[in-house]
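**Q** Mind looking at a prediction? Sequence and model below.
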Protein chains: 2
Amino acid sequence: MKMIHSITQLKEIVRDQKKSGHTIGFVPTMGFLHEGHLTLAKQARAENDTVIMSIFVNPLQFGPNEDFERYPRDPKRDAELAESAGVDYLFMPSVDEMYPDEPAVTLTVNKRTDALCGLKREGHFDGVATVVMKLFHMTEPDKAYFGKKDAQQLAVIHGLVDSLNVPVKIVGVDTVREDDGLAKSSRNVYLLPEEREKAPAIYKALTRIKEAVDAGETNVEKLKKRAADDLQAHSGAEVEYVDILSYPELEPINEASGTIIAAAAVQYKNARLIDNVILTVKGRA
Amino acid sequence: MKMIHSITQLKEIVRDQKKSGHTIGFVPTMGFLHEGHLTLAKQARAENDTVIMSIFVNPLQFGPNEDFERYPRDPKRDAELAESAGVDYLFMPSVDEMYPDEPAVTLTVNKRTDALCGLKREGHFDGVATVVMKLFHMTEPDKAYFGKKDAQQLAVIHGLVDSLNVPVKIVGVDTVREDDGLAKSSRNVYLLPEEREKAPAIYKALTRIKEAVDAGETNVEKLKKRAADDLQAHSGAEVEYVDILSYPELEPINEASGTIIAAAAVQYKNARLIDNVILTVKGRA
């Protein structure tokens, strides 16, 4: 595996790969890799000639009171893990390399942000879209891999690709979980022991929504209320939201039908965690 | 020359050209072609294996009170002219093809718009940047050609490419003029005969700025005042602005130095015309 820090060098490699007719799979990450990221990398490995992973904690997508500075970083371990997952090129630019100046042009996300994390994280998805657009232009991938755990992000990336005709196929990959159901996340390291013990309640509450829908319940208010009560009672965290929306449009719904997302965000002492399940409601006979 | 109306077809052609190792030169236009556009196409022809021209009057870059509806169109003549200039593929999508829905993600231009046409045409350059980004993704050109007549647009496109690491080389091409100096423009057809007669005064006023600077005058206020008086006296139009700024940053300056632009916009009865000269101030000994 080759480590790359400069955009110029990355672009040279991409050009050479393209010239050789190699397909490129791209896995953008913020590092502090866990099994979720490695699953993305392994799928990219299986589906492409060349795999590029980026590790960049993007300041543009953090709000002023968010955890940019203390977002966990471990580049040495990341490099070992990336190599073990079959990554060919690991791109780890500095902030100055990515943003030598305040960017003259940025992306603005006009849809799919007026819900879930978009409500509290103003400008977050603009920052995500901007950095993903930059990285796509640098890596010119055939396919790019994103985790479904960040389901709203995935919906925004689909919106980006559709709206701007980006010549990249987006691949959404299932969330990887701990044995007890907790979604793998770089931020899990910040859970206190007693919080870690209770955190599986998040996925459990979302799973109960799925079970209730499968059993025929379609009243969204009722489903949400029950999940919120579950979270309140068992997660040991402050519940930021639990919501059920159409997917990927993320529009409010009264009745569960079609493809929907049940999503929650909770705040522990030092970590804000999110999780979701995406499900398709079976039509009635 | 092949005419293309669908994005899917365009992308297939681009993919085939790429596979064959052909370089692509791209000339985005709004049609109603004149010698200025053809100069762009001819340069693209000389520098690339394949030349794609687009003709699309982009509603996103017109304000509600601007001339989107009555912007001049003549697709049949355009096709003949494009072919004569060596265009291989002429892409003429409908508005529905380009914007099947309100775009979920658009581009926002944060710099270089707070001057010249950007002041009066709110959102104009966001619309330009968005459509150019879309067209670049569809055509994946090696080089794209823009006229220097729209100097602010060219500065914004350079900002776009730099900020978002777009893998396209931008080529700025000198303004083509009528024998009397009037810059070629699709909107010239809307000039009344007596306006057409006086319109060369625009370029003359800008040329006088260049001559004064070459003769050693660096006081921007003085240069602007004289040009405004010239325009007022001779252009027969309402003067919207005449300004002198750094280029391509488009920042206000008091003293002419480095590379600068002198630009003007005037309003005739049925046509708003713009023109500029970009010049480099010789350093003192």
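**A** Thanks, I have the structure now.

**Q** Please point out which parts of the lowest-mean-pLDDT helix or strand in chain A sit buried.
**A** When the helices and strands of chain A are scored by mean pLDDT, DSSP states H and E, helix A:116-120 comes last with a mean of 88. Buried positions in helix A:116-120, judged by neighbour count with 16 or more other CB atoms under 10 Å in any protein chain shown: A:116-118. For the C-beta atoms, the positions are set from N, CA and C on the backbone; glycine is no exception.

**Q** do the same with stretch A:45-57
**A** For stretch A:45-57, the neighbour count (16+ other CB under 10 Å) marks A:45, A:48, A:50-57 as buried.

**Q** Ok, stretch A:164-173 next?
**A** Neighbour counts over stretch A:164-173 (16+ other CB under 10 Å) mark A:164-168, A:170-173 as buried.

**Q** Adding distance to chain B, write the buried residues of helix A:116-120 out as a markdown table.
**A** Formatted as a markdown table, those follow (distance: CB to the nearest CB, whole Å):
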| residue | distance to chain B |
| --- | --- |
| A:116 | 15 |
| A:117 | 16 |
| A:118 | 12 |
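
**Q** In TSV: the buried residues of stretch A:164-173, plus distance to chain B, secondary structure and pLDDT.
**A** Shown next, in TSV, are the buried residues of stretch A:164-173 (distance: CB to the nearest CB, whole Å; DSSP: H, G, I helix; E, B strand; the rest coil; pLDDT from 0 to 100):
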residue	distance to chain B	secondary structure	pLDDT
A:164	5	coil	98
A:165	4	coil	98
A:166	5	coil	98
A:167	6	coil	97
A:168	9	coil	98
A:170	13	strand	98
A:171	18	strand	98
A:172	16	strand	97
A:173	22	strand	97
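
**Q** Now for the residues you listed: which two are most distant?
**A** Pairwise distances across the buried residues of stretch A:164-173 (CB to CB) peak at 23.4 Å, for the pair A:165 and A:173.

**Q** just to revisit the earlier point, residues in contact with the least confident helix or strand of chain A: which ones?
**A** Contacting residues not belonging to helix A:116-120 are listed as A:112, A:124-125, A:152, A:240-241, A:243, A:245, A:250, A:263, A:265, A:274 [CB atoms under 8 Å, 6 or more residues apart in numbering or on different chains].

**Q** Please, where are all the helices along the stretch 51-200 of chain A?
**A** A:75-84, A:95-98, A:116-120, A:124-139, A:151-163, A:193-198, A:200-214 (DSSP state H, counting those that start in this stretch).

**Q** nearest to residue B:259, of those helices?
**A** Shortest distance between residue B:259 and the helices of the stretch 51-200 of chain A, using CB to CB, is found for helix A:95-98: 25.3 Å.

**Q** mean confidence score for the closest one?
**A** Mean per-residue pLDDT for helix A:95-98: 98.

**Q** How about stretch A:148-162?
**A** The average pLDDT for stretch A:148-162 rounds to 96.

**Q** That one and chain B, any residue contact?
**A** Yes. Between stretch A:148-162 and chain B, judged by CB under 8 Å from any CB of the partner chain, the touching residues are A:156, A:159-160, A:162.

**Q** With respect to chain B, which of the residues you listed is nearest?
**A** Set against chain B, the nearest of the residues of stretch A:148-162 next to chain B by CB to the nearest CB is residue A:159 (3.3 Å).

**Q** distance of the closest one from residue B:105?
**A** Taking CB to CB, to the nearest Å as the measure, residue A:159 falls 5 Å from residue B:105.

**Q** What sits closest to residue A:198 if chain neighbours are left out?
**A** Leaving aside its sequence neighbours, residue A:198 sits nearest to residue A:236 (CB to CB, 6 or more residues apart in numbering or on different chains; 3.7 Å).

**Q** now do residue A:217
**A** Sequence neighbours aside, residue A:223 is the residue nearest to residue A:217 in space, at 6.1 Å (criterion: CB to CB, 6+ apart).

**Q** circling back: can I get the buried ones among the residues of stretch A:148-162 next to chain B as something I can paste into ChimeraX?
**A** Of the residues of stretch A:148-162 next to chain B, the buried ones can be selected in ChimeraX as follows, counting by 16+ other CB under 10 Å:
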select /A:156,159,160
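
**Q** any low-confidence regions in the stretch 51-200 of chain A?
**A** Low-confidence segments of the stretch 51-200 of chain A, defined by pLDDT under 70, are absent.

**Q** residues from it in reach of chain B?
**A** So the stretch 51-200 of chain A meets chain B at A:102-112, A:129-130, A:133-134, A:137-138, A:140, A:156, A:159-160, A:162-167 (CB under 8 Å from any CB).

**Q** Now that you've got those, can you turn the buried subset into something I can paste into ChimeraX?
**A** Only the buried entries of those go into this ChimeraX selection, using 16+ other CB under 10 Å:
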select /A:103,104,105,106,107,108,109,111,112,129,130,133,134,137,138,140,156,159,160,163,164,165,166,167
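
**Q** Touching, residue A:166 and residue B:137? I think so.
**A** Yes. Using CB atoms under 8 Å, residue A:166 is in contact with residue B:137, at 5.2 Å.

**Q** Mind checking what secondary structure residue A:37 has?
**A** Per DSSP: H, G, I helix; E, B strand; the rest coil, the secondary structure class of residue A:37 is helix.

**Q** quick one: it and residue A:127, what's the gap?
**A** Distance from residue A:37 to residue A:127, counting by CB to CB: 19 Å.

**Q** swap in residue A:23?
**A** Distance from residue A:23 to residue A:127, by CB to CB: 28 Å.

**Q** Tell me which of those two has more neighbours.
**A** Counted by other CB atoms under 10 Å in any protein chain shown, residue A:23 and residue A:127 do not tie: residue A:127 has more neighbours, with 19 against 14.

**Q** what's residue A:93 in contact with, if anything?
**A** A:5-7, A:54, A:56.

**Q** repeat that with 10 Å
**A** Contacts for residue A:93 (CB atoms under 10 Å, 6 or more residues apart in numbering or on different chains) come out as A:4-7, A:10, A:54-56, A:99, A:134-135, A:138.

**Q** Going by distance to residue A:180, which of the residues you listed wins?
**A** Checking the contacts of residue A:93 against residue A:180 with CB to CB, the nearest one is residue A:55 at 27.6 Å.

**Q** Look at the nearest residue to that closest one once chain neighbours are set aside and say how many residues are nearby.
**A** If the residues on either side of it in the chain are set aside, residue A:55 comes closest to residue A:31, at 3.8 Å by CB to CB, 6+ apart. For residue A:31, the count of nearby residues is 23 (other CB under 10 Å).

**Q** and residue A:31, what helix or strand is that in?
**A** Using DSSP states H and E, residue A:31 sits within no helix or strand.

**Q** Would you mind measuring from it to residue B:166?
**A** Counting by CB to CB, the separation of residue A:31 from residue B:166 is 25 Å.

**Q** Contacts only, for residue A:30.
**A** Applying CB under 10 Å, 6+ apart to residue A:30 gives the contacts A:37, A:54-58, A:61, A:71-73, A:131, A:186.
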